[in-house]
Structure formats: structure tokens, C-alpha cells
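1. Sequence first, then the predicted structure:
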Amino acid sequence: MELLRAIVFDAFWSAIPAVGFAMIFAVPPRMLKYCAAGGAFAHSFRMLQIHFGMPIEWATFITTTLIGLIFVYVSRRLLAPRPVFTVASIIPMIPGKFAFNTIIAVLSMNSGGVTEKLLQASIENGLKTLFILFALCFGLAVPSLFIYRNRPIV
Amino acid sequence: MLEQGVLLSREEQTKITRVLVRTAQMLAQCGAESRLIEQTTCRVGAALGVESVEMAISPSAVVLTTLNHGSCITTTRRIHELGINMHVLCAIQRICILSEKRLLTTADDIDKHLTEIKPFRYNRWLVVCMIGLSCGAFSLLFGGDWPVFFTTCIASAVGMFVRQEIAHRHFSPLINFATTAFIATSIASMATVYQWGEQPYLAMAACVLLLVPGFPLVNALFDMVKGYFNMGLARWGTATLLTLSATAGIVLAMKLTGVWGWNP
């Protein structure tokens, strides 16, 4: 029950950034609901996987692969290119906090001298940022690399 | 689709080439990935009856050649970044499909439809509110509480407003990102100064997320995975520079307010 509530909370609050960023990208209004659904599903599904002990990078990869496959269907039905939906949907999963922590750690090393703790923090956060980013993009590219090799999806 | 291509006069082929390069230019300017630019343009070309379309895409220009019965026409167009616009992308995709279904058969028709595309933008105040809420949502997802949420909302809404104002005056995006990050971080650091909420530093991390260059990053990796290395590296470079200038803004704000965002 506690888990269910956490998932609903997560899904609701990750649908909002998906829609917000879709608006910056000028996604047509009738497609916003798919972005919202995608963002909500992606972040809450990833949270569920992390809850059951999956490392965050792999959870991200699995989620974005699923998102990529689902939106193949949606984009073929609505005759719109896939990035219209997928990029907004993955925005809530962008490793913003890790990236911010990396930057702060690196800057503290610059101004206050290198300590073991700062070095550790910057490397750990930096690697997480990088791997999550790669997982995001490769996951989305899976359908066009494996299934639709050189053919157009829409 | 014809194997050999219909016999076209020189003028007709020139006209088709112009329409095709315009399609490619518009696609590149609204932020499509390179594979999509090439595929869509080639499909329109095939539908209009040229034998083959070959193109080179670079970050600042597209070069396009049409080949038909041994006659080649090549043309180049400069690309000016106009900002990401998915509405234009959808509209061009629709034109491509219409031309493949033989509902648009001449170069003039397609040109007319391309001219009719008016880039759609959401109402700016709506965007300001939604981005404020979005960054607030990020702070909640990071584990913040309600005081942090409200601070983040206000900081990033003001940030978004500043970003729109600066973009409207045609400053470089680098200056824009640095200024926006500076203002948003300055406002968010108030949470730490006055100790609002449990982990007030989360507001500083979340409020600058409106500056994440999501599209350049995703497109960069898409392009490189699909073999368009010059475009991919260029986009990666853009994303890195934008992030660095946002960082400069964050640092400046933190030095001025004396609040260091996070202690490892």
C-alpha cells in the first residue's frame, strides 16, 4: 500500500515536467497527453525497479527501451515522428541531481583544494550522470537500431 | 515509386531540388535528428519522381544533390538555429506522408504547404507557470518538502521569464543560460539562508534544471549511434557549452550569496 502510494506520487509529479518541457519544445497540444503519460510511466516504472534492487543505470535502460517501443506504436498511429513524444517523456529521468553534485564537487576542489572526499564525490556522481545519460539515449534508439534498421518508422 | 525516375526537364528538376533543400533546411532548423532529416527529404524526393537524392548534413549547412537521368543539380543552404519546434517537425512529416500517398504531387504544392507552416508557440505565461511547477516537481522527486517546492517553483518561474526575455532580444544562448542560472540560483539560495524546509539545498539543484539541454544531448547520441558523427559531435559540443555557461552562472550566484549548494 505504501509502495502504491509512492508510485502514484512519483507518476503524478513526473508527468508535470514532461508536459512542461514538451511545451518548451512546442509539441502540438493534442499530443501533450501522450508526453504526460510517457513521463509518468517512465519515472514511476524506474522507481519500482530501483525499489526491487535494480541498479539505476539498468533500470533507466530498460525503461527507455520500453518507452521507445511503446511510442513506435503511438507515432505510427498519429503519424508524428517519435522524438516528439520520447524526448519529453525521458526528461524527468535526466540525472539532474547527480550532475549538479558533480559540478559542485569539482568546483569545491578548485576553490578549496582536493580532498579525498571531494574527489570521491565528484567521480561517483560524474560516472552516474554519464551512464544514466547513455542509458537514456541508447534505450530510445533500440527500436530503430534493432527492428527498423534502415526503414522509416512513420 | 519509379525505379528510373520520370523524365524531367532541367527547370522541373531545379524546382524539385529547391523544394527538397528547403524541406531539409526547415527540418534541420527545428531540431530534428540527422537520420530523420535525410530520410524525410529522400522520401519526398522519391515521391516527386527524382531518381536519387544524396545529401550531406553539417551543423551549419545542408548540401543536397538530386540525380535524374544522368543530370545532377546540387545546392547548399545555410542553417540558422531557430530553436526546437516539434510542431514544425510534425507538419513536415505530414507533408512527406501526403506526398507519398500522391495527395501532393508537384513541387509547387509542397512548397506552398511548407510556406503555410507557421511555427506554433505556447502562450509564454503558461510556459512560465508550467516550468515553475516542473522544477518544483523535480525538487519533490529529489526528496524535498513543501517549502523547498515553493521556493523552487518561484525561482525557476522567474528564471524562465528571464530566459524568454533574453531570448526575445536575440542574445547568444550562452549568455542567456548563464544569466538565467545566476538569477534562479540566487533566488533559490534564499531557502538555505533562511533555512526553509528540511534540505533547502535541493531547491538550488532543482531550480536550474530548466536549463538542461535535453534535446541537443539526446540528438547528439542518436546521431552518433546512427553514424552521423559530425552532427553528433557538434550537438554534444553545444550541450557541453550550454551546461558550462549555466555552471558559470550558478557559481557566480553562490559566491555572491555565500551559500554553497551542497556539502559532500
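-> Nice, I can see it. From a predicted model like this one, the values you see are computed outputs, not experimental measurements.

2. my guess is B:Ala205 meets A:Gly96, correct?
-> Yes. Under the criterion of CB atoms under 8 Å, B:Ala205 makes contact with A:Gly96 at 6.7 Å. Backbone N, C-alpha and C define where each C-beta goes, glycine included.

3. who has more neighbours, the two?
-> More crowded of B:Ala205 and A:Gly96, by other CB atoms under 10 Å in any protein chain shown: B:Ala205, with 28 against 23.

4. how far away is that one from chain A?
-> Distance check for B:Ala205 against chain A: by CB to the nearest CB, to the nearest Å, it reads 4 Å.

5. Now do that residue, the pLDDT please.
-> On pLDDT, B:Ala205 comes in at 88.

6. got it, and the one 10 residues further on?
-> At B:Phe215 the predicted local confidence, pLDDT, stands at 89.

7. repeat for B:Ile97
-> Per-residue pLDDT puts B:Ile97 at 93.

8. Which secondary structure elements does the longest helix anywhere in chain A sit against?
-> What stands out as the longest helix in chain A, according to DSSP state H, is helix A:116-142. Judged by 3 or more CB pairs under 8 Å, 6 or more residues apart in numbering or on different chains; DSSP states H and E, helix A:116-142 is in contact with helix A:56-78, helix A:83-90, helix A:96-112, helix B:214-225.

9. So which of those helices is nearest B:Phe182?
-> Closest of the helices and strands packed on helix A:116-142 to B:Phe182 is helix A:96-112, at 14.3 Å (criterion: CB to CB).

10. just checking, what packs against the closest one?
-> Here helix A:96-112 touches helix A:116-142, helix B:201-207, helix B:229-257, going by 3+ CB pairs under 8 Å, 6+ apart.

11. most neighbours per residue, which of the ones you listed?
-> Of those, the one with the most neighbours on average (mean count of other CB atoms under 10 Å in any protein chain shown) is helix B:201-207, at a mean of 30.

12. Flag the shaky bits of chain B, pLDDT-wise.
-> Applying pLDDT under 70 to chain B flags residues B:1-5, B:261-264.

13. At the geometric centre of it, which residue do we find?
-> B:Ile84 (2.9 Å; CA atoms, centre = their mean).

14. before we move on, the earlier item: for B:Val251, which of the helices and strands packed on helix A:116-142 is the nearest?
-> Short answer: helix A:96-112, nearest of the helices and strands packed on helix A:116-142 by CB to CB, at 5.9 Å.

15. Now B:Trp236. Nearest residue, chain neighbours left out?
-> The shortest distance from B:Trp236 to any non-neighbouring residue, by CB to CB, 6 or more residues apart in numbering or on different chains, is to B:Ala220 (4.1 Å).
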